[in-house]
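K.L.:
Give me a 3D structure for the following:
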Amino acid sequence: MVMLTAMHRRAALGLLSMLASGSYGCDSVQKASTTCALPASGLAQGSTVVDLSHAFDEQTIYWPTEAGFVLEKEADGVTAGGYYYASNKFSAPEHGGTHIDAPRHFAQNHSTVDQIPLDRLIGPAVVVDVTEACARDRDHNVNVADFEAWERTHGTIPNGTIVLIFTGFGRYWPDREKYMGTAERGAEAVKKLHFPGLDPDAAVWLVEKRAIHAVGLDTPSIDHGPSTTFDSHRRLFEREVPAFENIANLDQLPATGTTVVALPMKIKGGSGGPLRAVAIVPKAH
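P.N.:
Numbering: from 1, shown residues only. The predicted structure follows:
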């Protein structure tokens, strides 16, 4: 059962109802824009919706050992019946692009992506800006001191929050070398990865001291690039906290006050999957 505050429930339901009805005030295609203003008459009261997902295409960044995303056209044209018809098929690893890591990814017998409770995926969010530290050190491990510094300005991270870590690396997408530290592929390339991540002790602190519901960031992995043991993954997932990776457009969000809706492809038994995530930003922000 999803337990949200009245404000965040209204925001999420407002967005979902307007998307279902087609009554939102955006261009029908929205090819270029990463934001969409909801009408003042809607339940979201004139909020802005920010797209937090990168599109999936041939440039989508995957782990160096993965083949990546492939879209094959099966039909694209006017049929013998005189009407236009298009159909494709795609293949992709579970983990790549904007995606979710389910606890099963690094924790045996824990939740698969289809078993993650919705209140882990929909709820209030905070954005912790660590761009300065990550600019100084591209292998920065976001630590407890970083979160405590953020709290001195913005207040204690509330229980049940989705924590989004803004490293600034999203601006490099889809340049693999700038984003990951290397454009090389294969097992040897993994040794050359350099990007920020979440310190394992901070991962435990977020769960045990702040009771967060999920954590996400704008890098390829919740563990920083040089990690070989993936301790932050393991410590989060054994505590049933999922992770969102390769999140987009965190620079467009305020530090507090947003509602995140992060709904993955519901792959039965999956260890993760593609994620379409949005943030609902109230008009006041």
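
K.L.:
Need phi/psi at Glu72.
P.N.:
Phi and psi for Glu72, reported as degrees, to the nearest 10, are phi -110, psi 130.

K.L.:
Show me what it bridges to in the sheet.
P.N.:
Here Glu72 sits in beta bridges with Lys89, going by DSSP bridges.

K.L.:
Let me know the distance separating it from Ala203.
P.N.:
Taking Cβ to Cβ, to the nearest Å as the measure, Glu72 falls 38 Å from Ala203. Just so you know, the C-beta spots here come from the backbone N, C-alpha and C atoms, and that holds for glycine as well.

K.L.:
Who has more neighbours out of these two?
P.N.:
Taking other Cβ atoms under 10 Å, Glu72 and Ala203 do not tie; Ala203 has more neighbours (27 against 9).

K.L.:
Run the chain-centre distance for whatever helix or strand the more buried one lives in.
P.N.:
Counting by DSSP states H and E, the element that carries Ala203 is helix 200-210. Its chain's C-alpha centre and that of helix 200-210 lie 19 Å apart, by Cα atoms, centre = their mean, to the nearest Å.

K.L.:
Figure out the helix or strand that Val163 lives in.
P.N.:
strand 162-166.

K.L.:
by contact count, what packs against that strand?
P.N.:
Applying 3 or more Cβ pairs under 8 Å, 6 or more residues apart in numbering; DSSP states H and E, one finds that strand 162-166 contacts strand 122-129, strand 214-217, strand 258-264.

K.L.:
mind checking which of the ones you listed is nearest Phe230?
P.N.:
strand 214-217 (14.2 Å; Cβ to Cβ).

K.L.:
Following element in sequence after that closest one, please.
P.N.:
Assignment by DSSP H and E places the next element after strand 214-217 at helix 231-237.

K.L.:
What lies in contact with that next one?
P.N.:
Residues from elsewhere that reach helix 231-237 (Cβ atoms under 8 Å, 6 or more residues apart in numbering): 101-107, 110, 197-200, 202-204, 207, 215, 221-223, 242-243.

K.L.:
One more pass at 7 Å, please.
P.N.:
101, 103, 105-107, 110, 197-198, 200, 203-204, 207, 215, 222-223, 243 (Cβ atoms under 7 Å, 6 or more residues apart in numbering).

K.L.:
likewise stretch 53-60?
P.N.:
Under Cβ under 7 Å, 6+ apart, the answer for stretch 53-60 is 68-69, 92, 96-98, 173-174, 246, 248, 274-277.

K.L.:
Can you select the buried ones from those in ChimeraX?
P.N.:
Only the buried entries of the contacts of stretch 53-60 go into this ChimeraX selection, using 16 or more other Cβ atoms under 10 Å:
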select :68,69,92,96,97,98,173,246,248,274,275,277
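
K.L.:
closest to Pro124 among the contacts of stretch 53-60?
P.N.:
So of the contacts of stretch 53-60, ranked by how close each gets to Pro124 (Cβ to Cβ), first place is Ala277, at 14.2 Å.

K.L.:
about what we covered before: list the neighbouring strands of the strand holding Val163 plus their orientation.
P.N.:
Next to strand 162-166 in the sheet, as set by DSSP bridges, lie strand 122-129 (parallel), strand 214-217 (parallel).
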